[in-house]
Structure formats: C-alpha cells, structure tokens
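Asks: here you go, sequence then predicted model.
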Amino acid sequence: MNYILFLPEQSPIPMSRIPVGIRHFTRRALSKEEAGCIDAMPGALQLEYVQYYFHICQIPVLPTKAGWYARNKENVIEKLPEDIAAQLNAIYHPRVSLWACLGPLMLITVVALAFLVKGLAAYYTEKHIL
C-alpha cells in the first residue's frame, strides 16, 4: 500500500481553506529601545505581544493563549524568557482582546437582533382597538 505524504507547503489543500484552526495576531509591538532591553536579546528586531485564537471559517471564536515574543531577522517569532515577559507585563498591562472573541459576540448580536425584529413585527401586526 502506497501512502502519499505531503509537507505543509506541498499540500493539495491550501492551509487558508481549512475551516478550523489556530491563528495569531500582534496586539502590541515594541522596539527594543522602547522596551528598554537592548542588550538582553541581540538577535531580536522587535518585541510583540501576540494573541493566539481558535477560529472557525476564519472567524475568531476563542482566545487560546497570549504572551510576549521576539521577532528576529528571519521574521520568526520566539517566546521570551519569563523574567523579561514579567518586566514587559509590568509596563504594558495586557487585557483580553475582544477581537479574539468576535465569533461569540457576533452570535449574541444576531440573536438579540432576531428577538428585536420578532418583537417589533408582532407589535406592528397586532390590531389595536381604541
């Protein structure tokens, strides 16, 4: 029996067409000068607070993890050590991003609008006797 093995870049299905998965976006980017740690990481270009989220059909549903990462010259992000991340958390107080929870917020909005439209339709179709 022959098995065909594809590497991600050779896959017949593009990764962007997979309906579920985990992605990330940068919530905050700092240069090493802004963060005050120029000598701590010589290979890093900038420091980023990155939020990972679970998505369904490219709509963010749940935030999974977040943390400080360093972007190096090869455009690869690497997790920062805990001591540097703690110092950056003291300067920049990260909160939960609403963008990473967009799916549930859209669902709540659609359900609320459906009830509102249903209530308004029932009110205007009812006959008032006065």
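Replies: Done, it's in. Note that the structure is a prediction, hence the values are computed from the model and not measured.
Asks: can you give me the strands for the protein?
Replies: Ranges of strands in the chain, per DSSP state E, are 20-31, 44-56, 59-72, 77-79.
Asks: buried ones in the longest one?
Replies: By neighbour count, and taking 16 or more other CB atoms under 10 Å as the criterion, the buried residues in strand 59-72 are 60-61, 63, 66-71. (Glycine included, C-beta is placed from N, CA and C.)
Asks: same question for the last one.
Replies: Taking 16+ other CB under 10 Å as the basis for neighbour counts, the residues of strand 77-79 that come out buried are Ile77.
Asks: which residues sit against that strand?
Replies: Residues from elsewhere that reach strand 77-79, judged by CB atoms under 8 Å, 6 or more residues apart in numbering: 48, 50, 67-72.
Asks: switch the cut-off to 10 Å
Replies: Strand 77-79 is contacted by residues 24, 26, 41, 43-44, 46-48, 50, 67-72, 85 when judged by CB atoms under 10 Å, 6 or more residues apart in numbering.
Asks: sorry, back to before: just the closest of the buried residues of strand 59-72 to Val20, please.
Replies: Val61 (8.9 Å; CB to CB).
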